[in-house]
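**Q** Pasting the sequence and the predicted coordinates here, then a few questions.
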Amino acid sequence: MIKNQFIKISSLIVLCLIGVMACSSASEDTVETTSGTLHAAFAEFNKEATTIYLDGSNVVIETTGLPNHETVYWGSGNSLYRDEPTVNLTPSIISSNNNATTIRVDATPNLTGSTVATNFNTIGIAVSGASIFNDQEGGGPLDQAAASLDWTGAHIGPGVYHYHLEPKAFSNDDDKLVGILLDGVFLYGRKCNSTGTYPTDLDVSGGHKSTTQHSDSNSEYHYHIINELYSTTGSYLAFAGPYQGY
């Protein structure tokens, strides 16, 4: 009887050890197969509008395109509607417009020296979830559309709600994150986090390499909104290009 009990207890101990080893092995496999983690800057993006995840060597950003700030383009009656009587409204409003956009960017931008000009439509996604456009409007200079831009440098015309200028709703003469562009490079406000002042070493794209509040004390290449008033808009261009990260 005692012998049988001893055998049963021994068997249970062996089974438990096997289970522990199996769990340990599974945990190790999970760690080993992890493809990476998202850049810390993505934590700044509007979680109600964006879904951001890694897909191999790419970051996928899916957005509803619906910003989490006030604008006249929400339309009267919306809780985020802001009366802006001086804005020459375009026909559409956000709540009746399809603003959804998905972009894929390199998780590690290819900064090998090649540059690519920006094009029309979405050139990046802002932290608010809305699109970023370049310095053109309808094939011409942006100043011809300046009257339709809201208080934060954005409008609908045509297509999605998008920013052309410094988005004052979440970055106004500061070092805050503005968004990410199609080449996988982050765009920040007019000031540099590493110095607290306007950077003086920007390249032709408005970029340079320094630490940011999201780079864990490591220098990395990023863009800034250039601290020069643009034409008749009385504000600052979000990004004109060219991209450096292709």
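**A** Sure thing, it's come through.
**Q** Lowest-scoring secondary structure element of this structure by mean pLDDT?
**A** In the chain, the helix or strand scored least confidently by mean pLDDT, DSSP states H and E is helix 2-32, which has a mean of 38.
**Q** Where does the prediction get shaky in this structure?
**A** 1-35 (pLDDT under 70).
**Q** how about 90 then?
**A** Within the chain, the stretches with pLDDT under 90 are 1-36, 91, 95-96, 112-114, 120, 137-141, 143-145, 157-159, 231-234, 246.
**Q** what's the domain layout of it?
**A** The chain is divided into the following domains under automatic domain parsing: 1-34, 40-236.
**Q** Present those domains as CSV; the columns should include mean neighbour count.
**A** C-beta coordinates here come from the backbone N, C-alpha and C atoms, glycine included. Below are those laid out as CSV (neighbours: other C-beta atoms under 10 Å):
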stretch, mean neighbour count
domain 1-34, 9
domain 40-236, 18
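**Q** what's near enough to touch residue 227?
**A** Contacts of residue 227 were listed using C-beta atoms under 8 Å, 6 or more residues apart in numbering, and they are 190, 198, 236.
**Q** So which of these are in helices?
**A** Secondary structure defined by DSSP state H assigns none of the contacts of residue 227 to helices.
**Q** Hmm, residue 242 and residue 117 touching each other?
**A** Yes: taking contacts as C-beta atoms under 8 Å, residue 117 lies within contact range of residue 242: 4.9 Å.
**Q** Spit out the contact partners of the closest residue to residue 82 other than its chain neighbours.
**A** Using C-beta to C-beta, 6 or more residues apart in numbering and skipping residues adjacent in sequence, the residue nearest residue 82 is residue 70, 3.8 Å away. Going by C-beta under 8 Å, 6+ apart, residue 70 touches 80-82, 169.
**Q** Contact partners for the residue lying closest to residue 242 once chain neighbours are set aside?
**A** Excluding the flanking residues, the one nearest residue 242 by C-beta to C-beta, 6+ apart is residue 115, at 4.1 Å. Neighbour list for residue 115: 204-205, 241-244, 246 [criterion: C-beta under 8 Å, 6+ apart].
**Q** Format those residues as a markdown table; extra columns: secondary structure and distance to residue 182.
**A** As requested, the contacts of residue 115 are arranged in a markdown table below (DSSP: H, G, I helix; E, B strand; the rest coil; distance: C-beta to C-beta, whole Å):
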| residue | secondary structure | distance to residue 182 |
| --- | --- | --- |
| 204 | coil | 17 |
| 205 | coil | 13 |
| 241 | coil | 10 |
| 242 | coil | 11 |
| 243 | strand | 7 |
| 244 | coil | 11 |
| 246 | coil | 8 |
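**Q** Any of those residues buried? List them.
**A** Buried by 16 or more other C-beta atoms under 10 Å: 205, 241-244, 246, out of these.
**Q** What would stretch 98-109 look like as CSV? C-alpha coordinates only.
**A** Taking C-alpha atoms only, stretch 98-109 is exported to CSV below (Å, rounded to 0.1, in the frame of the first residue of the first chain):
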residue,chain,number,x,y,z
ASN,A,98,-15.5,59.4,-45.4
ASN,A,99,-12.2,60.3,-43.7
ALA,A,100,-10.9,56.8,-43.2
THR,A,101,-7.3,56.2,-44.3
THR,A,102,-4.7,53.4,-43.9
ILE,A,103,-1.0,53.8,-44.5
ARG,A,104,2.0,51.4,-44.2
VAL,A,105,5.4,52.8,-43.3
ASP,A,106,8.8,51.3,-42.7
ALA,A,107,9.4,50.6,-39.0
THR,A,108,13.0,51.7,-39.6
PRO,A,109,13.1,54.5,-42.2
